[in-house]
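S.K.: How does the following fold in three dimensions:
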Amino acid sequence: MVFGKKNRVFKIISLVLLTFYLFVYYAKQYCLQNKKRYACIFCACIVFSISSSFSFAENGFKKTVSKDSTIEYNIPEEVINTETTDNNNHIEDAAILEDKDVMEGYENTELEYVTEEDKFSIDEILTGGEDYLEGVSENSVRGQLSSDDWKLVLINKHHSIPDDYTFTLGTIRGGMQCDERIIPELMEMLQAAKEDGVSLIVCSPYRDLNRQQVLFERKIKAYMRQGYSYLEAYQISSQTVTVPGASEHQIGLAIDFLCKGYSSLNEGFENTEGGRWLAAHGHEYGFILRYPKGKEYITGIEYEPWHFRYVGREAAAIMTERELTLEEFLEEINE
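M.R.: This is a model prediction of the structure:
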């Protein structure tokens, strides 16, 4: 019985080998008799293979944000197209992790940006900032609104930092920096807040690429330790921390604010005197609440009452009056 099975297997293998031999033999004869036709088919296959190798898009992006720092980061397609999914309820239940929650214990001091020394009060910042205040004038901040204006550059997970984007860092205080072009209006705003008795604290203006990458990756790992899958952790993190290479902090136009007596970057800031003052007056100096409540489906970022972005006074006034996000505003002026 066993011998019979082996005999059948041997016959099948022999038949397969014979079929393969006959195929190769007749294919060879055909090619020899039709050399020109075969050559054309062969060349067409080569051309198709070469062109196909260049037709596939990369799964991520590569952006050079400064002359000496380049990042390549893969963004899952499911995160880029954040529509309603089956696991959204699971994700919405996630407790929001503050930056300090995941950066605590991080030993690389060169990348550890938000420390007690990197938070400055109004009095500390305005000391020595008189030169900037002298340069402020209404005409200096007005101009024709255009999506090509550096003040209106759109940076989000769909629009990463352009390869050719350049700017010069200016010092706010100590090692705290931002785009030097926004410092005059920032100083004027802080001066006005002080006169109104509001004690604002500036933190996390410019962040370099490395710090943003470390922060983002550590948040993903923190959520995964809570039981979320990588994709879920990525999606939650991308709603609370912008993806490296797509952060307004990296171009020095975004600033996070706290106020005296309140040191947490969370929704509670909206009920502080600092949060209320900025929401009411920030646009007068060119700053908008970048990620407002109810517009998460547009910005892709959770409500952040502490995060303000400089767009210039004229644009800020329009956006605030009409309750537009930067995305909505740019869509209108580009029509």
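S.K.: which residues touch the closest residue to Phe167 other than its chain neighbours?
M.R.: Leaving aside its sequence neighbours, Phe167 sits nearest to Asp179 (CB to CB, 6 or more residues apart in numbering; 4.9 Å). For the C-beta atoms, the positions are set from N, CA and C on the backbone; glycine is no exception. Contacts for Asp179 (CB atoms under 8 Å, 6 or more residues apart in numbering) come out as 167-170, 206, 251-253, 310.
S.K.: Out of these, which comes closest to Ser264?
M.R.: Nearest to Ser264 among these: Tyr206, at 21.2 Å, using CB to CB.
S.K.: That closest one contacts Glu180, doesn't it?
M.R.: No - with contact defined as CB atoms under 8 Å, Tyr206 does not reach Glu180; the gap is 10.4 Å.
S.K.: Show me which of these two is the more surrounded one.
M.R.: Using other CB atoms under 10 Å as the criterion, Tyr206 and Glu180 rank with Tyr206 on top: 24 against 15.
S.K.: Quickly note the distance from that one to Thr168.
M.R.: According to CB to CB, to the nearest Å, Tyr206 stands 11 Å off from Thr168.
S.K.: Check Cys178 too.
M.R.: For Cys178, the distance to Thr168 - CB to CB - is 10 Å.
S.K.: His159: neighbouring residues, count only.
M.R.: 12.
S.K.: How about Gly282?
M.R.: By other CB under 10 Å, 21 other residues sit near Gly282.
S.K.: got a list of what it touches?
M.R.: The contact partners of Gly282, taken as CB under 8 Å, 6+ apart, are 189, 288-289, 308, 316, 320.
S.K.: thinking again about what came up before, neighbour count: Cys178 and Thr168, which is higher?
M.R.: Cys178 (23 against 9).
S.K.: The helix or strand hosting that one: what's the following helix or strand?
M.R.: Secondary structure assignment for Cys178, by DSSP states H and E: strand 176-179. Later in the chain than strand 176-179, the nearest helix or strand by DSSP H and E is helix 183-195.
S.K.: other SSEs contacting that following helix?
M.R.: With contacts taken as 3 or more CB pairs under 8 Å, 6 or more residues apart in numbering; DSSP states H and E, helix 183-195 sits against helix 122-126, helix 130-134, strand 169-173, strand 200-203, helix 273-281, strand 287-289.
S.K.: quick revisit: between Tyr206 and Glu180, which contacts overlap?
M.R.: Between them, Tyr206 and Glu180 share these contacting residues under CB under 8 Å, 6+ apart: Leu169.
S.K.: Is Tyr223 within a helix or a strand, and which one?
M.R.: helix 209-225.
S.K.: Restricting to C-alpha, output that helix in CSV.
M.R.: Output in CSV follows, covering the C-alpha atoms of helix 209-225 (Å, rounded to 0.1, in the frame of the first residue of the first chain):
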residue,chain,number,x,y,z
LEU,A,209,13.2,68.7,15.4
ASN,A,210,14.9,66.2,17.8
ARG,A,211,12.8,67.3,20.8
GLN,A,212,9.6,67.0,18.8
GLN,A,213,10.5,63.5,17.6
VAL,A,214,11.4,62.3,21.1
LEU,A,215,8.2,63.7,22.6
PHE,A,216,6.1,62.1,19.9
GLU,A,217,7.7,58.7,20.1
ARG,A,218,7.6,58.6,23.9
LYS,A,219,3.8,59.4,23.8
ILE,A,220,3.2,56.5,21.4
LYS,A,221,5.1,54.1,23.8
ALA,A,222,3.2,55.5,26.8
TYR,A,223,-0.1,54.8,25.2
MET,A,224,1.0,51.3,24.1
ARG,A,225,1.9,50.5,27.7
